[in-house]
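Engineer: Whatever this is, show me its structure:
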Amino acid sequence: MSVRRFRYATSSLGALRGNTRHGFAARFAWSVYASDAIYSIIPKNACSSLRYSIAIENGCIRDSRDYLWLAANFETFTPSLRELARAAYSFVVLRDPFARLASCFLDKFVAKKPPLWEYLTLTGQLQKHAGTLCFREFVAGLKEAGVLRGNIHWRPQADFLVYEDYDDVFADERFADAVPVIERRAGFKVIDTRRITDHGTDMLAVLPEDRDLSSCTIDRLAELRRGGEVPHPRSLYASESVALVRSLYTEDLQLYEKHVGLQMMF
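Structural biologist: Take a look at the predicted model:
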């Protein structure tokens, strides 16, 4: 068995139990018991389907009627240090950082879910009517102190990686190609939960990508969704937003280029 190197073990020279970077990444690893596989969860990267599928494989839930069980059991399958070190197989799903950030906004913010209120609190805008926020303002606020890592849905993907290297690094953009590999190597059936969670946009009409919606408010985007339309992620980005994402998510961009190699949005 080859040695699995932990990505953040030496980011602090103190006791590992007090190493916050390693501890965070370890909490977002899930064990697949029958195959001794480890999956590193990254929110917005097909994680709902994979978490649901692993919970079924590990014998804790049966079907979609039990889906809400997942919310209260995020750390139920968190592995021990020994389990992490002795994993028979490890995998993670990465996503184009530009697309992931747009997905976070269109899902969590436009629907006014808890991450929106957390963002407004972190940026001191809780008194502002949330419906007037636009994507350009959202990205600009990420550079303020404490905001970038203030919520897991926009936190850099690199923070979730417990290992230096994984047996497989998949692309969210080609997740259909990853499914048979995961099923064969990790030993569980992958179930698509988009109909359960309503996270998908595959049933909506995508607006032209050259349409500038960078300053379109949350309320207006919600109206478009109710009408069966959704922006192309590229249309949300102004030039300054692209530059800021490149600066804030440099490591994520490098990881995606190194391990996935697909052309990114910008």
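
Engineer: Quickly list what the closest residue to S215 other than its chain neighbours is bridged to.
Structural biologist: Closest residue to S215 apart from its sequence neighbours, by C-beta to C-beta, 6 or more residues apart in numbering: C134 at 4.8 Å. Quick note: C-beta positions are derived from backbone N, CA and C, even for glycine. For C134, the beta-bridge partners under DSSP bridges are T217.

Engineer: elements contacting the helix or strand harbouring A55?
Structural biologist: Using DSSP states H and E, A55 sits within helix 47-57. With contacts taken as 3 or more C-beta pairs under 8 Å, 6 or more residues apart in numbering; DSSP states H and E, helix 47-57 sits against strand 29-32, helix 194-197.

Engineer: Got the phi and psi for F188?
Structural biologist: phi -140, psi 160 (degrees, to the nearest 10).

Engineer: gap between it and E209?
Structural biologist: 36 Å (C-beta to C-beta, to the nearest Å).

Engineer: cool, F135 as well?
Structural biologist: 14 Å.

Engineer: Looking at the two, which one has more neighbours?
Structural biologist: The neighbour comparison of F135 against E209 (other C-beta atoms under 10 Å) goes to F135, with 28 against 14.

Engineer: can you pull out the strands in the stretch 151-266 of the chain?
Structural biologist: 168-171, 205-206, 229-230 (DSSP state E, counting those that start in this stretch).

Engineer: Same list, those, but as JSON lines with distance to M264, mean pLDDT and mean neighbour count please.
Structural biologist: What follows is those, written out as JSON lines (distance: least, C-beta to C-beta, whole Å; pLDDT from 0 to 100; neighbours: other C-beta atoms under 10 Å):
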{"stretch": "strand 168-171", "distance to M264": "11", "mean pLDDT": "98", "mean neighbour count": "19"}
{"stretch": "strand 205-206", "distance to M264": "18", "mean pLDDT": "93", "mean neighbour count": "12"}
{"stretch": "strand 229-230", "distance to M264": "20", "mean pLDDT": "95", "mean neighbour count": "16"}
